[in-house]
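*Asks:* sequence and computational prediction follow.
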Amino acid sequence: MKELMFPDFPRAEFVARYERTQQAMKRHGLDALYLTQRQNLRYFAGLRDGAWDAYHFYFLTILPSEGAPILLVANGFNHLVKQCWIEDVRYWPWAKAFYMAKESNAVQLTIDVLKEKRLDSSVIGMELGPDIHPHMGQVHFDGLRAGLPRAKIVDGSDAVWDVRCVKSPAEIDRMRRAARISTKGVKAGFEALKPGMTEQKVMAVMTSVMCAEGASELRFNALYAGPRAMWADGMPTNYTIEPGDLVQFDGGCLYEGYWCDYKRMAAVGEPRADQRRFYELAKQGLFAAIAAMKPGVPMNVPLQAAFGVNDDAGFSSFSAWCLENGWSAIGHCLGQDVHEQPGLSATNTALLKENMVLSVEPYITLDGVYPFWAATEKFGLEDVVLVTRDGVEILTPEDQISHELWVVSP
């Protein structure tokens, strides 16, 4: 057993993940998973480092449903794999043009290893779903398929999510830390908010505090105000915030590979009565959804609870439009990706499980106007929620940052 250096998690964590992965592969009829994506290499292999932002660097792992996993990397990354728990590491030589080559010897090594393991005529799952994609050029993917004419290459993402959707205590600790850091940053930004500041300046305050508090990465932090009230996921611009504006934050930091994703809103000056009303509806929808969550509850039930708040307030036609037009999800699992499967959607009857972590985010437009692009304002809050044995724990709780509309003196 090799000695690990600077591992992402203890070896026992990866062993337990692999045992669950092999069980998931058998449930889904897979003989192996062949994974290439950054988050999956970190989750399943423990390969935290690597030149992922240079797209032509490949790090690959083969996870058989029987037997030990194999890691495939290029010559020269020998030191990086010392943090990886996998014992069987195979190296391929660089092409003559080094990392600027269009060809990759990774493809042939993959084919050779699959043949050696007698997996070349088996069912092999890859990251071919809408939410996880292979980190591999199309020409290399085509070469892989051509070199494995008897293999059945299928989408293995459901097996991946089956394993990743339930978090370990160590993962939950990181997500709790990411949430705490993110709430401190947003609170500082709202405390500093005043007319004349740009969206970018407010975000700079938020993210600087997140960094100072220990954030590992900052990859998605949306902030949109005033005339951009309907620009969902709008990244901060040089728009100058004015009295009367609503300001919405959506996002959070990562801590050691794990996301926070939540929403809060502020008003610059006393909000109008109708803004107060619809903000309160959004808050009630959030609390209703969270109150409906516990292990064994179908994932469409929290959505029904949130939409029920809108219906009871007289906006059933808004709910009906959302359901009819596909705007029918109010949350998603969270972890090493900001959007993970499964989610709180109208059609999802899968059951919530203990130690799932989800971002819950119901919504309503001003006056229940639909379609969305006809509305002038949208109201929504979002919390990070851990499913516990008996109910839930909110990881972005009231004592860290209020659910009330933050009102800034004009």
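*Replies:* On my side now, so go ahead.
*Asks:* extract the C-alpha trace of stretch 234-243 and format it as PDB.
*Replies:* Provided in PDB are the C-alpha atoms of stretch 234-243 (Å, rounded to 0.1, in the frame of the first residue of the first chain):
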ATOM      1  CA  GLY A 234     -26.400  37.900 -14.100                       C
ATOM      2  CA  MET A 235     -22.800  38.500 -13.200                       C
ATOM      3  CA  PRO A 236     -21.900  41.800 -11.700                       C
ATOM      4  CA  THR A 237     -21.400  44.700 -14.100                       C
ATOM      5  CA  ASN A 238     -20.500  48.400 -13.800                       C
ATOM      6  CA  TYR A 239     -24.100  49.300 -13.300                       C
ATOM      7  CA  THR A 240     -24.300  52.000 -10.600                       C
ATOM      8  CA  ILE A 241     -26.800  51.100  -7.900                       C
ATOM      9  CA  GLU A 242     -29.500  53.800  -7.200                       C
ATOM     10  CA  PRO A 243     -32.100  54.500  -4.500                       C
END
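*Asks:* what number of residues lie near the residue nearest to Val139 when sequence neighbours are not counted?
*Replies:* Leaving aside its sequence neighbours, Val139 sits nearest to Lys102 (CB to CB, 6 or more residues apart in numbering; 7.4 Å). From N, CA and C alone the C-beta is placed, and that goes for glycine too. Lys102 has 10 neighbours, counted by other CB atoms under 10 Å.
*Asks:* from Gly189, how far out is Lys102?
*Replies:* Distance, Lys102 to Gly189, using CB to CB, to the nearest Å: 45 Å.
*Asks:* ok, now Ser345?
*Replies:* The spacing between Ser345 and Gly189, counted by CB to CB, is 31 Å.
*Asks:* now the residue lying closest to Gly156 once chain neighbours are set aside, which residues is it bridged with?
*Replies:* Sequence neighbours aside, Gly125 is the residue nearest to Gly156 in space, at 2.0 Å (criterion: CB to CB, 6+ apart). Counting by DSSP bridges, Gly125 is bridged to Leu33, Val154.
*Asks:* quick one: Gly125 and Ala151 touch, right?
*Replies:* No: judged on CB atoms under 8 Å, Gly125 makes no contact with Ala151 at a distance of 10.9 Å.
*Asks:* of those two, who's got more company?
*Replies:* Between Gly125 and Ala151, counted using other CB under 10 Å, the more crowded position is Gly125 (26 against 21).
*Asks:* run a quick neighbour tally on Trp406.
*Replies:* 19.
*Asks:* look up how far Tyr279 lies from it.
*Replies:* 11 Å.
*Asks:* what does Arg20 give?
*Replies:* To Tyr279, Arg20 is 41 Å away according to CB to CB.
*Asks:* residues in contact with the nearest residue to Ala54 once chain neighbours are set aside?
*Replies:* Nearest residue to Ala54 in three dimensions, chain neighbours excluded: Tyr99, at 6.8 Å (CB to CB, 6+ apart). Taking CB atoms under 8 Å, 6 or more residues apart in numbering as the contact definition, Tyr99 lies against 54, 56-57.
*Asks:* coming back round to it: between Arg20 and Tyr279, tell me which one has more neighbours.
*Replies:* Tyr279 (23 against 14).
*Asks:* the more surrounded of Ser345 and Gly189?
*Replies:* Gly189 (27 against 17).
*Asks:* what's near enough to touch Pro243?
*Replies:* Neighbours of Pro243 in contact, by CB under 8 Å, 6+ apart: 195, 268-269, 410.
*Asks:* top of those by number of neighbours, please.
*Replies:* Per-residue neighbour counts (other CB under 10 Å) across these peak at Val268, which has 23 neighbours.
*Asks:* double-check that residue against Gln275; I have them as touching.
*Replies:* No: counting by CB under 8 Å, Gln275 is not a contact partner of Val268; they are 11.5 Å apart.
*Asks:* that's a helix at Leu4, yeah?
*Replies:* No: counting by DSSP: H, G, I helix; E, B strand; the rest coil, Leu4 is not part of a helix but coil.
*Asks:* per-residue confidence for it?
*Replies:* For Leu4, the model assigns a pLDDT of 93.
*Asks:* so how far is Leu323 from it?
*Replies:* The value you get for Leu4 to Leu323, if CB to CB is used, is 49 Å.
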